[in-house]
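Peer 1: can't give you the sequence, but here's the structure:
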């Protein structure tokens, strides 16, 4: 059975996709069979691995709209050994709307378990599945929470992050209380750390409230991340000695030993 990790927070600009992509790549580099599932209509994780969503014959969106499709048809072998991708497509926005309509129909099946059902036939193929979610608590994120074993909240050391963490924490609590009681308590990863007073204040605030759930690790802001993005590579592949890459490699070690 694959261990399923959702990377989620109700806020953009925190390094969520960077975290999901590099965690997945770091796990793969450790020899773990890993699947990165892109649930964001922006498809940045997909594009960030060199895949053009507009050229895909089958994407995650097709699997949502046609449950009879074999999920293996959507899998893409990436340039990182042991890392596969289940790509996103901008049409996920239409699927999101359809799920909202379906949820309002008491006679229709509940759409929040769709992702879990899609992934079930793939469970034995992977050691880890990492979900990159949209920067909001929409049906794609809810599907991720319903399918996941645990949640990693990437919290940037920047303004307004604490509010995003709080809203995400509450959504995870609702998931545990209702549709996924097996979901573990979330963990928080501090990302995009800069050596400034403002960054220190945010970091202190998060650690003060969620101390026991904060991973003892900082992902430092690094130009290597931007350079890797331009080349459509994970930074753990592009420059494994960079501070950010070292952080994600350490994160993979922590999560794979729990």
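Peer 2: Perfect, I can see it now. Remember, it's a predicted structure, so these values are computed and weren't measured experimentally.
Peer 1: C-alpha only now, for contacts and for neighbours.
Peer 2: Fine.
Peer 1: contacts only, for the most centrally placed residue in the chain.
Peer 2: For the chain, the residue nearest the mean C-alpha position is residue 132 (2.6 Å; CA atoms, centre = their mean). Going by CA atoms under 8 Å, 6 or more residues apart in numbering, residue 132 touches 6-8, 16-17, 20-21, 36-40, 45.
Peer 1: likewise residue 215?
Peer 2: Here residue 215 is in contact with 187, 188, 189, 190 (criterion: CA under 8 Å, 6+ apart).
Peer 1: lowest-scoring secondary structure element of this structure by mean pLDDT?
Peer 2: With mean pLDDT, DSSP states H and E as the measure, the helix or strand of the chain carrying the lowest mean pLDDT is helix 197-210 (a mean of 78).
Peer 1: now do that one: which elements does it pack against?
Peer 2: Here helix 197-210 touches helix 161-177, going by 3 or more CA pairs under 8 Å, 6 or more residues apart in numbering; DSSP states H and E.
Peer 1: next secondary structure element downstream of the helix it packs on?
Peer 2: Later in the chain than helix 161-177, the nearest helix or strand by DSSP states H and E is strand 187-193.
Peer 1: partners of the following helix or strand past the least confident helix or strand of the chain, with directions?
Peer 2: Remark: after helix 197-210, the chain's next helix or strand is strand 214-220, criterion DSSP H and E. Its sheet considered, strand 214-220 pairs with strand 187-193 (parallel) by DSSP bridges.
Peer 1: would you list the contacts of residue 215 in CSV and tack on neighbour count and pLDDT?
Peer 2: As requested, the contacts of residue 215 are exported to CSV (neighbours: other CA atoms under 10 Å; pLDDT from 0 to 100):
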residue, neighbour count, pLDDT
187, 17, 96
188, 25, 95
189, 21, 95
190, 24, 92
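Peer 1: what sits against residue 95?
Peer 2: 61, 64, 65.
Peer 1: can you give me phi and psi for the residue lying closest to residue 42 once chain neighbours are set aside?
Peer 2: By the measure of CA to CA, 6 or more residues apart in numbering, the closest residue to residue 42 outside its immediate chain neighbours is residue 90, 6.0 Å from it. Residue 90 has phi and psi values of phi -60, psi -20 when expressed as degrees, to the nearest 10.
Peer 1: which residue ranges form the strands in the protein?
Peer 2: Along the chain, the segments classed as strands by DSSP state E run 3-7, 34-38, 76-77, 83-86, 128-132, 150-156, 187-193, 214-220.
Peer 1: reformat these as a markdown table; add distance to residue 237.
Peer 2: Formatted as a markdown table, the strands of the chain follow (distance: least, CA to CA, whole Å):
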| stretch | distance to residue 237 |
| --- | --- |
| strand 3-7 | 20 |
| strand 34-38 | 15 |
| strand 76-77 | 16 |
| strand 83-86 | 12 |
| strand 128-132 | 17 |
| strand 150-156 | 20 |
| strand 187-193 | 19 |
| strand 214-220 | 16 |
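Peer 1: can you tell me which of those comes nearest to residue 180?
Peer 2: Among these, the nearest to residue 180 by CA to CA is strand 150-156 (10.3 Å).
Peer 1: what angle do the closest one and helix 197-210 make?
Peer 2: With axes from the mean of the first three to the mean of the last three CA atoms, to 10 degrees applied, the angle from strand 150-156 to helix 197-210 works out at 150 degrees.
Peer 1: partners of strand 150-156 in the sheet?
Peer 2: strand 3-7 (parallel), strand 187-193 (parallel).
Peer 1: quick one, it and helix 161-177 angle?
Peer 2: Going by the same axes, to 10 degrees, strand 150-156 makes 170 degrees with helix 161-177.
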